[in-house]
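In: Generate a structure from the sequence data that follows.
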Amino acid sequence: MHFQQFYLGCLSHASYVIGSGGVAAVVDPQRDVGIYIEDATRQGLEIRYVIETHLHADFISGHRELAAMTGAAIYLGSQAGAGFPHVAVHDGDELRFGDCVLRFLETPGHTLESISIVVIDLAKSPEPDAVLTGDTLFIGDVGRPDLAPGLTPQQLAGMLYESLQTKLMTLPDSVAVFPAHGAGSLCGRQMSTERSSTIGQQRAENFALQAKTKDEFVRLLTAELPERPGYFAQDAELNRSGPTPLADLPLPEALSPHAVLEIQHAGGVVLDTRSSGQFGGGHVPSAIHIGLSGQFASWAGRVIGLGQKIVLVAEDHDVMLEARTRLARVGMEEVAGYLEEGMAGWYSAGLAVAEVPQVTVQDVQREMGHLQVVDVRQPGEWESGHLEHATLKPLGKLADTLSDLDRIRPVAVHCKSGYRSSIGTSILKRAGFENVVNVIGGIDAWKACGLPVVVPGEEKAPAAKTAGVTEAG
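Out: Model prediction:
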């Protein structure tokens with residue numbers, strides 16, 4: 001049996017190709033589906049089945065496009081209510097091809113239609129070999145229970161408990177676990193960087209599975225749920241109705257600096273994808289900065305949202321096309337164009353340029369009494385150690401929490417390593433704050449230099465506990 005995991009780091013997303021006897025199934029495909037066709041071709045397989053473990057909220061799936069390109073049938077949980085032709089699966093339904101058996105389990109809780117897929121390789125044994133758990137069971141965590149409209153998180157958490165305890169946890173300890181997401185995804189809170197595990201290991205180590213009772217599990221899962229980005233509901237509905245094929249989206253046009261200004265003045269967003277240093281050295285005024293090197297698309301969806309007209313600023317044409325593809329993966333399709341010749345063209349046109357100074361942690365310590373220090377990390381990271389006199393303003397909520405900042409005093413923005421803080425500086429600049437600086441290296445650099453941090457409940461100390469971080473940068 002051929003089994004291949006594809007991991008898309010920028011979305012912390014795992015998808016799979018399973019093949020045997022010349023036939024293949026693709027599970028939870030990303031929007032740009034060429035990788036699955038290439039893999040199947042190399043293995044001499046024909047893709048006949050496209051399976052979704054649920055209607056994903058954090059990215060646009062390639063299920064319809066892949067089905068159209070290969071003639072495959074789409075399989076979804078019976079509660080999906082999708083608006084396109086598909087096969088609705090129930091507990092115990094099976095797909096058989098070659099030596100492979102895929103047995104479906106309905107495992108609601110993350111969403112109503114969530115399913116898990118038990119994989120049996122008959123060439124090895126008639127017993128289960130692996131299980132694809134979608135967003136029901138992660139490595140180290142379980143799915144968030146707040147993504148089904150009309151149901152409370154408590155109701156969904158109760159369903160999730162039953163799905164885990166009566167179905168997944170009844171599988172043998174040796175069964176390998178392959179989820180749909182890993183660390184960095186907002187679909188959970190404490191996901192591991194590991195991309196697979198076993199039922200036995202998760203039974204022993206997964207924090208959510210240590211709850212002794214259903215009530216304890218529900219309380220654990222619904223306490224302090226992480227931010228749910230606004231675009232999640234939109235993505236889920238696009239996946240339910242069937243998104244536009246990626247190949248049908250128009251390519252961005254080259255735009256002169258003055259054409260970019262016109263779009264910006266009409267309400268469009270200039271999105272600068274370069275590094276923090278390049279953005280800080282000079283950028284289009286009021287541009288949003290989200291570096292392509294990190295979780296670019298996820299942050300673009302959270303900060304900008306779907307439906308906004310976007311102009312890209314990139315280092316070169318290939319980088320611009322990569323940015324456009326990543327935006328499309330989360331449903332951001334209104335890319336009107338890109339700045340022709342990048343910032344070089346902007347400079348040549350003699351237009352105004354904005355800057356964000358990049359400062360060291362030593363600079364921040366020296367000027368602490370004069371600075372407003374804004375920490376854009378998550379609350380869990382803050383609790384593990386923060387700068388004295390800093391103010392916590394998580395990046396996802398930053399634009400709505402600026403009213404208590406002094407617009408005259410300088411603002412220094414930091415995060416873990418400098419990625420999210422640069423996004424934060426662009427939000428502040430766009431909101432009219434003039435004197436804004438980005439802290440190079442963030443709190444990682446602060447700790448590395450032995451500078452003091454405050455840990456709630458402890459005295460100020462030069463080192464802090466490691467945070468349970470779910471977002472990079």
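
In: any idea where the strands of the stretch 151-300 of the chain begin and end?
Out: Remark: strands assigned in the stretch 151-300 of the chain by DSSP state E, counting those that start in this stretch are 176-179, 197-198, 253-255, 269-272, 288-289.

In: Mind listing residues that contact the fourth one?
Out: Under the contact criterion CB atoms under 8 Å, 6 or more residues apart in numbering, strand 269-272 has outside partners 260, 264, 279, 283-284, 286-290, 300, 304, 308-313, 323, 339, 426. The way it works is simple: take the backbone N, C-alpha and C, and place the C-beta from them, glycine included.

In: Out of those residues, which sit inside helices?
Out: Val260, Gln264, Phe279, Ala300, Ala323, Ser426 (DSSP state H).

In: want to try JSON lines for these, with pLDDT as columns?
Out: Below are the ones in helices among the contacts of strand 269-272 laid out as JSON lines (pLDDT from 0 to 100):
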{"residue": "Val260", "pLDDT": "98"}
{"residue": "Gln264", "pLDDT": "97"}
{"residue": "Phe279", "pLDDT": "98"}
{"residue": "Ala300", "pLDDT": "97"}
{"residue": "Ala323", "pLDDT": "97"}
{"residue": "Ser426", "pLDDT": "98"}
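
In: Nearest to Thr170 among those?
Out: Checking the ones in helices among the contacts of strand 269-272 against Thr170 by CB to CB gives Ala300 as the nearest, at 40.6 Å.

In: State the number of residues packed around the closest one.
Out: Neighbours of Ala300 under the rule other CB atoms under 10 Å: 25.

In: try Val175
Out: Close neighbours of Val175, defined as other CB under 10 Å, add up to 19.

In: I'd say it and Thr198 touch.
Out: Yes. Val175 lies in contact with Thr198 (CB atoms under 8 Å); the separation is 6.4 Å.

In: buried set for the helix or strand bottoming out on mean pLDDT in the chain?
Out: Ranked by mean pLDDT, DSSP states H and E, the weakest helix or strand in the chain is helix 379-383, scoring a mean of 92. For helix 379-383, a neighbour-count test (16 or more other CB atoms under 10 Å) marks Glu381, Trp382, Glu383 as buried.

In: Likewise for stretch 65-75?
Out: Glu65, Leu66, Ala67, Met69, Thr70, Ala72, Ile74, Tyr75.

In: now do stretch 183-198
Out: Buried residues in stretch 183-198, counting neighbours by 16+ other CB under 10 Å, are found at 183-192, 195, 197-198.

In: Show me how far stretch 344-351 is from its chain's centre.
Out: Relative to the chain's own centre, stretch 344-351 is displaced by 34 Å; criterion: CA atoms, centre = their mean, to the nearest Å.

In: Same question for stretch 111-128.
Out: 26 Å.

In: could you measure Glu262 against Lys309, distance?
Out: Distance of Glu262 to Lys309, computed by CB to CB, to the nearest Å: 11 Å.

In: ugh, wrong one, Met169
Out: Taking CB to CB, one finds Met169 at 48 Å from Lys309.

In: Sketch out the low-pLDDT regions of this protein for me.
Out: The chain contains residues with pLDDT under 70 at 459-473.
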